[in-house]
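**Student:** show me how the following folds:
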Amino acid sequence: MNLTTTYMGLKLKNPLVASASPLSHSVDGIRRLADAGASAVVMFSLFEEQLRQDAAEMDHFLSAGTESFAEALSYFPTVDDYAVGPSEYLDILHKASQQAGIPVIGSLNGVSREGWVDYAKRMQDAGASGIELNVYYIPSDPRTTGADVEQRHLDVLTAVKEAVTLPVAIKLSPFFSSMSHMAQRLDKAGADALVLFNRFYQPDFDLDSMQVMPNLNLSTPHEIRLPLLWIAVLKGQIKASLGASRGVHSALEVAKYVMAGADAVMMASVLLKQGPGYLATILKDFQTWMDQKEYTSVEQMKGSMSQASVADPTAFERANYIKILQKYKAEYTLDE
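**Tutor:** Numbers count the residues shown, from 1 in each chain. Next up is the predicted model:
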């Protein structure tokens, strides 16, 4: 059975990739993921705030709106809030790249164009096999247009691609007005992979203390459907690799993502819950599933359930949406 796949130009021994998480905060953690069978590890993110704490451009982005609500300044982290600094990050990346035996991908999380280039170069020098750009930006300013948001992503990608020779992936949110068009623009701009999707962490309200509370919920398998849809739609439309991110808790989600067209399937939440060794269980179960279905390779599976490959492509579109509602209405009436 051939489990190999190619993701962002990297030949991987299987499609299972450990995505950015606290599990990669140390060289030992990365080695444990590699020992469990991960074909690559995306390092935990290095945040632009760490690199440009006093820069005027970051101040503009991070303090927008705080003139009307001073407490909003407290939502943003200080330097002491980060587990490691930039120098320590590069040291872990360098050692892991030498010792893990699998590709180690650096991760940059930021907002502005200038905040990325210098450390993308340093990640390359430290031995990274690739770089993942995580453009974590919520355009809350009503003066920001959809075109502005799209251009910011393109500017970041272009700047980093010009600065390094490594393959570059960009992790996207699902909130573009035309995802297919945006994917094609990023593909033409040189993205080696698109990762679908980022998870924005929305705050919650504590009504007893009357405070806005940060709230982190790990993913569940139900979150697979949105990225599954867009990977299936984009497969064959762009040259860039497709990385699936969200909701992977078992071999079943891995199989679905690969059959939709994913070149790599990323996971973090399940490994935080079960431990990094659980990746070996998922990999073994995935191999068993492939054997039962008589698949001989990942490439044979890849994209077999994409929009271009299925018998009813309207299952991804509005026509099928109407049929689903009519079917549910009929079943509900019969049950009554």
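**Student:** rest of the way, CA atoms for contacts and neighbours
**Tutor:** Fine.
**Student:** buried residues, the helix or strand residue 116 falls within. List them.
**Tutor:** Per DSSP states H and E: residue 116 is located in helix 114-126. For helix 114-126, a neighbour-count test (16 or more other C-alpha atoms under 10 Å) marks 114, 115, 116, 117, 119, 120, 121, 123, 124, 126 as buried.
**Student:** neighbouring contacts of that helix?
**Tutor:** Outside helix 114-126, the residues that touch it by C-alpha atoms under 8 Å, 6 or more residues apart in numbering are 48, 51-52, 90-91, 93-94, 106, 108, 110, 130-131, 156, 159-160, 163-164, 166.
**Student:** kindly report the same for stretch 258-265.
**Tutor:** With C-alpha under 8 Å, 6+ apart as the test, stretch 258-265 has contacts from 5-7, 15-17, 228-229, 231-232, 235, 241-245, 248, 254, 257, 298, 301-306.
**Student:** any chance you could map the helices in the stretch 201-336 of the chain?
**Tutor:** Taking DSSP state H, counting those that start in this stretch as the criterion, the stretch 201-336 of the chain carries its helices at 225-234, 251-260, 269-274, 278-292, 298-301, 318-335.
**Student:** deepest of the ones you listed, which one?
**Tutor:** Stretch with highest mean neighbour count among the helices of the stretch 201-336 of the chain: helix 251-260 (a mean of 24; mean count of other C-alpha atoms under 10 Å).
**Student:** which residues sit in contact with residue 167?
**Tutor:** Residue 167 touches 8, 9, 129, 130, 131, 191, 192, counting by C-alpha under 8 Å, 6+ apart.
**Student:** what two of those are the furthest from one another?
**Tutor:** Using C-alpha to C-alpha, the two most remote members of the contacts of residue 167 are 129 and 191, lying 14.9 Å apart.
**Student:** lowest-scoring secondary structure element of the chain by mean pLDDT?
**Tutor:** helix 56-63 (a mean of 50; mean pLDDT, DSSP states H and E).
**Student:** please spell out which residues along the helix or strand following it are buried.
**Tutor:** Later in the chain than helix 56-63, the nearest helix or strand by DSSP H and E is helix 86-99. By neighbour count on 16+ other C-alpha under 10 Å, the buried set for helix 86-99 is 89, 90, 91, 92, 93, 94, 96, 97, 98.
**Student:** residue 271: what's it in contact with?
**Tutor:** Applying C-alpha under 8 Å, 6+ apart, we find residue 271 in contact with 277, 278, 279.
**Student:** look at the nearest residue to the second one once chain neighbours are set aside and report its pLDDT.
**Tutor:** Setting aside the residues directly before and after it, residue 278 is nearest to residue 271 in space (C-alpha to C-alpha, 6 or more residues apart in numbering), at 6.3 Å. Predicted confidence (pLDDT) for residue 271: 97.
**Student:** one step back: and the contacts of helix 114-126, which of them are in helices?
**Tutor:** Within these, residues falling in helices by DSSP state H are 48, 51, 90, 91, 93, 94, 156, 159, 160, 163.
**Student:** does the residue lying closest to the first one once chain neighbours are set aside have beta-bridge partners, and which?
**Tutor:** In this structure, residue 48 finds its nearest non-sequential neighbour in residue 110, 4.7 Å apart by C-alpha to C-alpha, 6+ apart. Under DSSP bridges, the beta-bridge partners of residue 110 are residue 135.
**Student:** I'd guessed residue 110 sits against residue 134; true?
**Tutor:** Yes. The pair formed by residue 110 and residue 134 meets the contact definition of C-alpha atoms under 8 Å, at 6.7 Å.
**Student:** what's the burial count for residue 162?
**Tutor:** By other C-alpha atoms under 10 Å, the residues close to residue 162 number 10.
**Student:** for residue 296, what are its contacts?
**Tutor:** 1, 2, 290.
**Student:** those residues into a markdown table, with extra columns for pLDDT and distance to residue 218?
**Tutor:** Shown next, in a markdown table, are these (pLDDT from 0 to 100; distance: C-alpha to C-alpha, whole Å):
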| residue | pLDDT | distance to residue 218 |
| --- | --- | --- |
| 1 | 91 | 32 |
| 2 | 98 | 31 |
| 290 | 98 | 28 |
